Every structure is written in structure tokens, then in C-alpha cells.
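Chemist: Fold the following.
(2 chains)
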Amino acid sequence: MELSVALEGSTPQRAIARGAGEEELVRKAQSGDRLAFDELIRRYDRDVLRLALNIVRRPEDARDVYQEGFLRAYRNIQRFRFECSFYTWLYRIVTNVALDYLRRRNTRREEQAPPSSPEVTGRDFFDQQPEPAVSANPEKRLLGRELARQIRGAMSLLSPRERMVFELKHYHGMRLRAIGEMLGTSEETAKNSLFRATRKLRASLEAVR
Amino acid sequence: MRSQPRPGMDSKAEFGRAEGQAMPPCEEWQPLRILAASGDEVPSADQLRLAEHLAACPACSAEFSREEELLSLLAAHRAEPDASLLASCRADLNDALDREEERGWLRRFLEAALTSSWLSPQPAWSAAVLLLIGFATGILGPSLLVQRAQRRLGSGAVASARVGHAAGNANAGPGAPADKSAPPASMANTPITALDLHSADVAGISVAPANAGEPPRVELHLRTMQPLTVQGTVDDGGVKDVLLYVLRHGSQFHTGVRLDAVGLLLPCSSEPEVRSALCHAAQADPSAAVRLQAIRSLEGAATQDSVRNTLVDALAADADAGVRLEAARILSSLAANGQVPGDDHLRAVLRDRMNRDPNADVRFESAAAYRSLVPGGKE
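Modeler: Residues are numbered from 1 along each chain as shown, chains lettered A, B, ... in the order given. As a prediction, this is how the structure comes out:
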């Protein structure tokens, strides 16, 4: 493979870690190899952050979920028994952390000043995203922005669980059975969440297509 | 099962049907259609049935197309995490993991072994075990911590560094010139330990000009329990180890001190441990100025895999456009000279940056590097 060939030769530990397979990295991390764990982070952290953002929505909350998720993985990696893939195990941790976070946030909501709506503060994750394939054409850019706004609105109508199932299924390619296990529920429940999410999104976005 | 087409049925109007109206006949196929549009999760027993139905029912076939369209639309507008957010998350996590490592094995052992399910039913045994662990920790803990920290720092070199206790020494304050005439014997020479550095703050770095061809003399002023001064050239193990420690523990020290450390270590960037510390600073230092300086200092060693990976990571995820630009410039220069293997990851990062980086200069440099790697710009 081109990548592993490129990394051979001079063999700094990080390069070795980059060429290693997932199982090898996990075993090394279990034996206390920090570089191996760092490499696992590098492989999955973009997806973890996206998942966190899609569940908790606010970047500052997603940052906490991201950190807590990886710290829990680090503390508990000895308990990983290769019964599922590492990323499934990691996503399970992150989704649990995110759901706990949402629960705590809802509990605190009445004690603290309520967070302003994303529309008011503009701090929602999706508000900060550059338009994909930015066009020089202002009209196209405007249309793209409008479309992104409508997608944002449609996604915000989903419950956290529906958003999570939709995210894991469509953006992470996970099987419904694995999603169900991850959320501590059945495949059937995950399937129903996916149906509801898709129906809601269709209803919201029917006009824009 | 409905297998006949419904002539004249407008699927769009059907979809927008208000609640309370009769369920359209093909609604029963919607779950399977959604599953099919979502991937390969239709049970094998239903696959043929669904295919036959879609072939025979134009309304359902149109609905299926619309469901696929919807998912394509959402995939095309999938929001990616902001690169600056990702970079700062990585830096914070790195620090948190460092702290976690320092807490050591004892905490992990206790968490794993003494779960509440064991403690609560056997309180007497639990208390005895905890007492025993407490005694053992009190007796063995400090020496284990020192040994561990010394191992992390490379104890040999650090332990042999000669330091002067600044207490009572008028010249030893921050900013004071190095007292080259004072013989080491006049100072209370003691080895500097890893624990000194662990809790130290480098109050200042003074660099005395040297004769041509000689390395400059450096004086490091450490604020510890007792103020310390480390003197020597960068080639001296003690000085170098303190500078490396500063770079590896960026958040513990002032930005100016870290910048000085990068500058002083620049001539040694071909040494593996210096290169490693500079790579760490380039990736994880909280200050963009330090990261930029570290990236620049690595240019001479950019053909090394570790350095090249650092440059690629900086280009991909650094929050600061200046750092990304410098990384792109060095990679572009390497690519133009054929000094960088065009692996998939590098090409993907360059392609991403040339299309999506918010900074025009970064896009330009990334495109230049990409063109050098992929003549014609297409793979």
C-alpha cells in the first residue's frame, strides 16, 4: 500500500503508529502506548467532533463532549474486548457522554439563564460552516446559504435520538443493529427513529427540492 | 401487497397529505423504501418483493427516487467541523491526556479494582484495603513519582545539570546577565530534578552573545520552591533538557519563554529529540506565534516523516492561517523538489485546503503543492 510504503524507511514512532492496523493500535494503547492512542484519536476525532456537534449543537458543549469521550475511552481502554470495532465502542462512549450532557443541560436550564437560541446568537455549529464548494457567483452562494439554513432548520426539528440515529446511519454508515446496541435499545427502535427522522426531514425539505 | 400502479396519482401532493386523511395505499412500502434508500439494510426476504413493486408502481418508484434525492442533498450539505475548533479540541485533549498520565496507574487501578459493587457489601475489608493502600502510597508514592518524572524527562541528563541557587545571589534574578566569571564551586551546585521542572516556572531566559563560531551562553531562571538558575550553552544537557521540557509542556510556561526556547533549539533541529519537541510545539502549543516559529524551525528537517506529518496536520487543522500558510509553503517547496511522496492522505489534505481553506494564500500554496504532486491536477 502506498501509504505504508511511504512511512517505512526512517521509522519514528508516530509514523509506525500511522501505518499500524486498528487492532494493533488498540492493543498497544491497552499496554500503555500513548502514541498509539494518539493515532486512534487522529483517526476518529473529526467524526467524533461531528457526532458531538450534531447531538449537542453548540460548539462549546461539543468540545466538552469530545474531551470527555476520549478521556473515558483512554481510562477504559483496558476493558475493550474486541467484541465490536473500536469506533463502534468509541461512538458508544461519545453518544452516552453526549446524552448525559443533554440531560444535565436540561436539568440546569431552569437554574441558569436560558441559552439564547442559535438564531439569535449565531453560535450554532452550522452557522459557522463555510458553504461547500464556495462559488464566486453571489446568486449561487446565496442559494447555497438559503439551502443550508433550511437543512439546519429541518435537522433542528428532530429529537436528539432521531438526529443521532440519522447521523450514525447516513454519515457514519453504521448498521441499525449496531446503532441500537450503542443507544442501549433495539434495532427496531433505531429503525423507527430513522423512519421518523427521514419523514420529518422530507416534510421539512419538500419545498426546497 | 399492492402491485398495481396508480395512474394519475401525484406523488408530491400525496406526500404533503394532511394528517387525518386516509393512508395512501403505498404507504405500507415506505419503511422498506427508506431502508433501501438508506443503504443495504432491507431484509433479504423483502428485497425481491420491493424491487418488483418499484418496477410495477410508478408512484412508489417516484417516491423512492425522491427519498434517494433527499439523502443525496443532505450528504452534499453535510457540515464539517470547523478546522479551528478541531485543532483547539485536539490541543485541549492532549493536555488533558498528559494530566491523566501524570495521575498515574494508582488511580486507574483503584477505579478498576475497587468498584462500588465490591466496596459496599464488604465495608470492613474495603476499609482495611484502603488503609493499606494509603500507607503504601504514602511511603512509596513520592519516590515512584520522582522516578517516573525523571524517566519522562531523560533523567540522566537532567540530573546532571548544574544549577545555582539564586537565593542570596544578587545576579541571579530574571534578566540578570550570566555571571560567567563565577566558578561553579561558588554556587550551591545541586542536581536539578524532574520534580523541580514539573512545578517550575521559567521566569526568563537570558542569552549572552558568544564569539564567532561558538554557541551562545544561555541562562535560564527558574521559579521553583527555591529559585534556580541553569547556565550553559544549548549543547549542554541540562540547558537543552529544560528547553525541551518547556516546549513539551507549553501551557505551563509564558509564551515569550516558549518562543525563546524554539529559537534556541533551532540549530539542533536535526537531533531526533529536539525535532520531536518542535513537532509537538508545532501541533499543540496554545500560541499561534510559537506554532509558527516551530514550523519554520522544522523546515530544514522537513524530509523526515515525523516532520512532514506535522506539516500536513498543521495544514489540515491549525486554526491560524499563518501557520497553515507556512506549512503549505514548506510542503509546496518539498513537492516541487520531488522530496515528498504523494501519499493519499497528503493529496486529500492538499485537495481539501486548495478548495476550502478560507485563506486565499493557503489555497494558492496548497494548489501549487498539489499540482507538483499530481501533474495536471487530476488523479
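Chemist: pLDDT weak spots in chain A?
Modeler: A:1-19, A:108-143, A:207-209 (pLDDT under 70).
Chemist: Provide a list of residues in contact with residue B:55.
Modeler: residue B:61 (Cβ atoms under 8 Å, 6 or more residues apart in numbering or on different chains). For every residue, glycine as well, the C-beta is placed using N, CA and C.
Chemist: Can you identify the element that follows the host helix or strand of it toward the C-terminus?
Modeler: Element membership of residue B:55 [criterion: DSSP states H and E] is helix B:44-56. Toward the C-terminus, helix B:44-56 is succeeded by helix B:58-76 as the next helix or strand (DSSP H and E).
Chemist: buried stuff in the helix holding residue B:55?
Modeler: Buried residues in helix B:44-56, counted by 16 or more other Cβ atoms under 10 Å in any protein chain shown: B:50, B:53-54.
Chemist: give the contact list for the nearest residue to residue B:71 once chain neighbours are set aside.
Modeler: Counting by Cβ to Cβ, 6 or more residues apart in numbering or on different chains, residue B:71 lies nearest to residue B:37, which is 5.8 Å off, once chain neighbours are set aside. Going by Cβ under 8 Å, 6+ apart, residue B:37 touches A:198, B:64, B:67-68, B:70-71.
Chemist: Give me the three-state assignment for residue B:37.
Modeler: Under DSSP: H, G, I helix; E, B strand; the rest coil, residue B:37 falls in the helix class.
Chemist: For it, give me the pLDDT.
Modeler: On the pLDDT scale, residue B:37 is placed at 85.
Chemist: and if you look at residue B:5?
Modeler: pLDDT at residue B:5 comes out at 37.
Chemist: for the buried residues of helix B:44-56, which one is nearest chain A?
Modeler: When the buried residues of helix B:44-56 are compared for distance to chain A (Cβ to the nearest Cβ), residue B:50 wins out at 15.1 Å.
Chemist: Identify the residues contacting the nearest residue to that closest one once chain neighbours are set aside.
Modeler: What sits nearest to residue B:50 in space, not counting adjacent residues and going by Cβ to Cβ, 6+ apart, is residue B:32, at 5.0 Å. Taking Cβ under 8 Å, 6+ apart as the criterion, residue B:32 is in contact with B:42, B:46, B:50.
Chemist: now residue B:135
Modeler: Counted by Cβ under 8 Å, 6+ apart, residue B:135 has zero contacts.
Chemist: got it, and residue B:85?
Modeler: Counting by Cβ under 8 Å, 6+ apart, residue B:85 touches A:49, A:59, A:62-63, B:319.
Chemist: Mind putting those residues into CSV with distance to residue B:363?
Modeler: Formatted as CSV, those follow (distance: Cβ to Cβ, whole Å):
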residue, distance to residue B:363
A:49, 23
A:59, 24
A:62, 27
A:63, 27
B:319, 17
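Chemist: Now go through these and say which are in helices.
Modeler: When DSSP state H is applied, these are split such that A:49, A:59, A:62-63 fall in helices.
Chemist: out of those residues, which touch chain B?
Modeler: Among those, the ones lying near chain B by Cβ under 8 Å from any Cβ of the partner chain are A:49, A:59, A:62-63.
Chemist: and those residues, which two are the farthest apart?
Modeler: A:49 and A:59 (9.1 Å; Cβ to Cβ).
Chemist: what about the residue nearest to residue B:50, which helix or strand?
Modeler: Using DSSP H and E, residue B:32 falls in helix B:30-38.
Chemist: One more: residue B:243?
Modeler: helix B:237-248.
Chemist: Briefly note if that helix comes near chain A.
Modeler: No: using Cβ under 8 Å from any Cβ, helix B:237-248 stays clear of chain A, coming no nearer than 12.4 Å.
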